[in-house]
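Peer 1: Sequence plus predicted model, see below.
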Amino acid sequence: MSEQQELKLKTSSAQSKVNAMVKRLMGGGEVYSLMKADFEQNFLINGKKMSEWVEEFRVTIPTDNLTPAIIQELGLKVMELHQKAAFHHAAAQALAQFIKRGGELSYLNKFNELVNEHKAKGEKLPAAATLEAIAKAGTEDEESAAFRADIATRFWKLILEHLATCRKILETASYSVNSELRLEQQQNYIERMGRNGH
């Protein structure tokens with residue numbers, strides 16, 4: 001086999017692998033799209049869809065014609081939204097801890113019931129891993145609730161991070177606008193002084 005034929009065979013084989021990988025990824029993309037659409041429509045946080053919360057906490061900072069008044073107005077809005085988001089985040093964290101502890105207690109109760117049941121019958125205890133798996137099998141609802149609580153907690157954390165970023169942008173914009181105004185005032189002062197012959 002010539003070098004050129006060998007290279008063509010390797011390239012063809014590599015292309016086949018790439019095509020197979022892309023096909024698998026695209027299949028995953030379809031599943032992702034379906035899950036994303038379903039998740040966005042059905043997963044609620046504090047009674048609202050995520051998209052509704054995102055819209056409520058959206059802060060649009062204009063990139064032109066920023067004035068101190070606009071910056072102050074946006075700063076007050078960010079402060080108000082931050083207070084709301086901090087409350088929701090704290091509540092979500094508390095609920096997540098409550099659910100986590102409830103799940104732990106439920107698991108421990110089921111585990112102890114299994115141990116006591118075997119002891120009452122005089123049977124040899126199964127391996128610890130087996131007992132753990134059996135006890136854990138009955139806590140799917142608690143695990144699902146804990147997962148949902150974790151998502152809500154992370155969501156509010158991301159909203160708080162978004163608002164912190166907005167605050168930093170507003171601080172930078174405020175500094176820039178105020179510097180520009182001071183420079184303008186200084187230039188006007190110099191021009192007036194020049195006209196008055198000072």
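Peer 2: Yep, that arrived.
Peer 1: tell me the helices in the chain, going along the chain?
Peer 2: For the chain, the helices defined by DSSP state H occupy 3-42, 50-56, 68-121, 128-137, 140-195.
Peer 1: so which of those comes closest to residue 62?
Peer 2: Closest to residue 62 of these is helix 68-121 (CB to CB; 7.0 Å). Yep, even glycine has a C-beta here, placed from its N, CA and C like the rest.
Peer 1: I'd like to check the angle between the closest one and helix 140-195, please.
Peer 2: Counting by axes from the mean of the first three to the mean of the last three CA atoms, to 10 degrees, helix 68-121 lies at 160 degrees to helix 140-195.
Peer 1: other SSEs contacting helix 68-121?
Peer 2: Packing contacts for helix 68-121, counted by 3 or more CB pairs under 8 Å, 6 or more residues apart in numbering; DSSP states H and E, involve helix 128-137, helix 140-195.
Peer 1: Run the chain-centre distance for the last one.
Peer 2: Here helix 140-195 shows a centroid-to-chain-centroid distance of 18 Å under the convention CA atoms, centre = their mean, to the nearest Å.
Peer 1: quick one, that helix and helix 3-42 angle?
Peer 2: Going by the same axes, to 10 degrees, helix 140-195 makes 90 degrees with helix 3-42.
Peer 1: Likewise for the shortest one?
Peer 2: Using the same axes, to 10 degrees, the inter-axis angle of helix 128-137 relative to helix 3-42 is 50 degrees.
Peer 1: Residues contacting helix 128-137, please?
Peer 2: The contact list for helix 128-137 (CB atoms under 8 Å, 6 or more residues apart in numbering) reads 107, 110-111, 114-115, 125-126.
Peer 1: 7 Å instead, please
Peer 2: Residues from elsewhere that reach helix 128-137 (CB atoms under 7 Å, 6 or more residues apart in numbering): 107, 110-111, 114-115, 125.
Peer 1: Right, I'll call it a day here.
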